[in-house]
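[1] Here is my input; please provide its structure:
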Amino acid sequence: MKIFITTVLAIIFLFFGAKVKLVDSTSQEWYGGRYESGRGTDYSLTLKARAGSDKLVIDKLWVGEELYEASALKDFARRTEKSFEKGDTIYVRAGKKLLPDEQGVMKNVSGKKIKPPKSFSGSALLVYTWKGKQKFLEIKEFRVLEKIIYP
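    Sure, this is the predicted structure:
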């Protein structure tokens with residue numbers, strides 16, 4: 001009986017579970033050397049593909065109520081390859097960038113303040129598409145890296 005229940009749960013998880021697993025998540029603030037350079041925060045996620053397909057598309061990251069376009073790749077040398085295989089390490093990058101306007105007030109130029117498609121209690125929500133269906137991965141918290149201050 002235990003084997004049957006374990007098998008059923010494994011099949012359910014395989015077909016209906018998350019198609020990516022979070023390995024690491026970091027955030028790093030940065031400041032430009034000149035005032036006009038602005039400042040921002042880079043968000044990085046490292047994922048492991050649990051299922052392979054060219055139909056896995058990772059494109060959005062909500063941090064709080066701000067939406068950022070995310071880019072995903074598996075090989076830094078071949079940035080245009082967008083298909084992932086089971087077991088691949090996927091690197092996801094998104095970022096917040098603030099630039100001063102004419103009055104010198106810092107304005108967010110990379111994110112949009114939009115309500116997320118699903119409520120979440122963590123720091124961020126990654127939205128991805130698997131075979132045409134929208135899926136979500138909640139990021140509980142980011143490991144904060146040391147600030148970068150460019151010269």
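
[2] mind listing the strands for the protein?
    20-31, 39-49, 56-63, 66-69, 71-73, 89-100, 106-108, 112-113, 124-130, 133-139, 143-144, 148-149 (DSSP state E).

[3] Looking at those strands, which is nearest to S83?
    Across these, S83 has its closest neighbour in strand 56-63 (7.9 Å, C-beta to C-beta). C-betas here are computed from N, CA, C, even on glycine.

[4] Any idea what the nearest residue to I148 once chain neighbours are set aside is bridged to?
    Excluding the flanking residues, the one nearest I148 by C-beta to C-beta, 6 or more residues apart in numbering is W30, at 4.3 Å. Taking DSSP bridges as the rule, W30 bridges to G40, I148.

[5] W30 reaches D42, doesn't it?
    Yes - using C-beta atoms under 8 Å as the test, W30 is close enough to D42 to be in contact (6.5 Å).

[6] one step back: of all the strands of the chain, which lies closest to E81?
    So among the strands of the chain, strand 71-73 is nearest, using C-beta to C-beta, at 7.2 Å.

[7] before we move on, back to that, which pLDDT value belongs to the residue nearest to I148?
    We have a pLDDT of 96 for W30.

[8] what does S44 give?
    Looking at S44, the pLDDT reads 97.

[9] Check I5 too.
    46.

[10] and the residue nearest to I148, what does it touch?
    By C-beta atoms under 8 Å, 6 or more residues apart in numbering, W30 lies in contact with 39-42, 147-150.

[11] how near is it to E146?
    Per C-beta to C-beta, to the nearest Å, W30 is found 10 Å from E146.

[12] so where's this protein uncertain?
    1-18, 52-54, 77-80, 82 (pLDDT under 70).
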